[in-house]
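*Asks:* Would you be able to build a 3D model of this:
(one chain, ligands or ions: 1)
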Amino acid sequence: MLLLCPLMMQAQTTVKPVSGDGITTLLQRYRLNTPANVREFKRINKGKFTADGGLILGRSYKLPQTGSSNREEDEEQESRKTRKSERMSNREPLFGKRYEKINRVSDELEGACFYLVSGHGGPDPGAIGYIGKHELHEDEYAYDIILRLARNLRQRGAKVHIIIQDAKDGIRNDHYLNNSERETCMGSRIPLNQVARLQQRCDKINQLYRKDRSSYKRAVFVHVDSRGRSNQVDVFFYHALGSKTGKRLAENIRKTFEQKYDKHQPNRGFSGTVSARELYVLRKATPASVFLELGNIQNKKDQQRLIIPSNRQALADWICKGIVRDYKNR
Ligand SMILES: [Zn+2]
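*Replies:* Okay, the predicted model is just below:
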């Protein structure tokens, strides 16, 4: 018996089945077993099948040509996919009905890729502040700022992964943001245990990082609490120990904040600092990262700043501006 390599036989148009072959096993051998090919095979070999549609040993069968009709079908499917992804590329349902459509404003961040993480979430609200009867949960305010930042980055052509997600809360223009435990880590339940919770988001980032082909990949962590809950209300920018690219990103964002403060609140002055800090997520996340503390939700003055929606937007705008500066000088 003559043994033929299936790949060599692909050029040949007629074949004979071996014992046990059905249409699909036969086509499989030539890597042709698509539904379209099965239909085509039946059409071009009409009259050569047993009563119940089986192959007859010893007979020759024509193989479908890997061309014309199948290719048209494939192309049609391909262009359907492209159209859908184009439509999806300027929409993000997480932003909420009002903001889900993303209008392009520039190409400044074309080629850049971001992993955006709002602090806490799920069963962990983070720090809690009080204004009268209102309970302000850190995770909700951090999430609103992260969504605004994500949208800004997308509008400038960046690829963005929103790691902590809430299927219901989009970008909100309320002063007091409703509290929920709905947040997930891209669909996975967030555990209560702190190390497990932080490891989960780092795993997610690192997993995506391995697949993303960009040469500029950065993670941004946003919190609205502060270590000492004193009157230290400025913004803090942290990077991982020894991370030059993380430090440069932190400094570019800090510079942007300084300029904005000088312009809008010249008397206040800005003393936000950049420093290295031993934080779990900074150590475990693969991409160069910046960790921002944008205020203190337990501080009366900061609370006023955070509950105003346009202020949350301004914070997102400034972070975005700092990122664009970093990307341009890369
Ligand atoms: Zn926090």
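*Asks:* near the ion, which residues of the stretch 201-330 of the chain?
*Replies:* By CB under 5 Å from the ion, the residues of the stretch 201-330 of the chain that approach the ion are 223, 225. Quick note: C-beta positions are derived from backbone N, CA and C, even for glycine.
*Asks:* Let me see the ranges of the helices in the stretch 201-330 of the chain.
*Replies:* Ranges of helices in the stretch 201-330 of the chain, per DSSP state H, counting those that start in this stretch, are 244-264, 280-284, 300-307, 309-328.
*Asks:* quick one, strands of the stretch 1-150 of the chain?
*Replies:* 14-15, 61-62, 112-118, 128-131, 134-137 (DSSP state E, counting those that start in this stretch).
*Asks:* tell me the average confidence for the fourth one?
*Replies:* When the per-residue pLDDT values of strand 128-131 are averaged, the result is 94.
*Asks:* what stretches of the chain score poorly on pLDDT?
*Replies:* Within the chain, the stretches with pLDDT under 70 are 1-12, 67-71, 83-89, 227-233.
*Asks:* same thing but at 80, please
*Replies:* Scanning the chain with the threshold set as pLDDT under 80 gives 1-12, 66-76, 78-89, 226-234, 264-269.
*Asks:* quick check: domain ranges of it?
*Replies:* 6-89, 93-328 (automatic domain parsing).
*Asks:* Pick the most deeply packed of the ones you listed.
*Replies:* Neighbour counts (mean count of other CB atoms under 10 Å) averaged over each of these peak at domain 93-328, with a mean of 18.
*Asks:* quick one: terminal-to-terminal distance for that domain?
*Replies:* By CA to CA, to the nearest Å, the extent of domain 93-328 from end to end equals 29 Å.
*Asks:* chain center to it: distance?
*Replies:* 14 Å (CA atoms, centre = their mean, to the nearest Å).
*Asks:* Same question for stretch 20-32.
*Replies:* Its chain's C-alpha centre and that of stretch 20-32 lie 40 Å apart, by CA atoms, centre = their mean.
*Asks:* Nearest spatial neighbour of whatever residue of the stretch 201-330 of the chain ends up closest to the ion, chain-adjacent residues omitted?
*Replies:* Closest residue of the stretch 201-330 of the chain to the ion, CB to the ion: residue 223 (3.6 Å). With CB to CB, 6 or more residues apart in numbering as the criterion, residue 223 has its nearest non-adjacent residue at 3.9 Å, and that residue is residue 119.
*Asks:* Tell me which residues touch that neighbour, please.
*Replies:* 126, 138, 139, 142, 221, 222, 223, 224, 225 (CB atoms under 8 Å, 6 or more residues apart in numbering).
*Asks:* how about the fifth one, what does it touch?
*Replies:* For residue 221, the residues meeting the contact criterion (CB under 8 Å, 6+ apart) are 117, 119, 281, 282, 289, 290, 291, 292.
*Asks:* let's see it at 10 Å
*Replies:* 115-119, 142, 146, 163-164, 201, 205, 238, 279, 281-282, 285, 289-293 (CB atoms under 10 Å, 6 or more residues apart in numbering).
*Asks:* Next: the first one.
*Replies:* By CB under 10 Å, 6+ apart, the residues touching residue 126 are 118-120, 137-142, 223-225, 297.
*Asks:* tell me which of those is nearest to residue 24?
*Replies:* Closest approach between the contacts of residue 126 and residue 24, by CB to CB: residue 118, at 49.0 Å.
*Asks:* Next one: the closest one from residue 243, what distance?
*Replies:* From residue 118 over to residue 243 the distance is 21 Å, taken as CB to CB, to the nearest Å.
*Asks:* What of residue 158?
*Replies:* 20 Å.
*Asks:* any idea how far the ion is from the residue lying closest to residue 49 once chain neighbours are set aside?
*Replies:* Spatial nearest neighbour of residue 49, chain neighbours left out: residue 55 (6.8 Å); criterion: CB to CB, 6+ apart. For residue 55, the distance to the ion (CB to the ion, to the nearest Å) stands at 66 Å.
*Asks:* Fine by me, thanks again.
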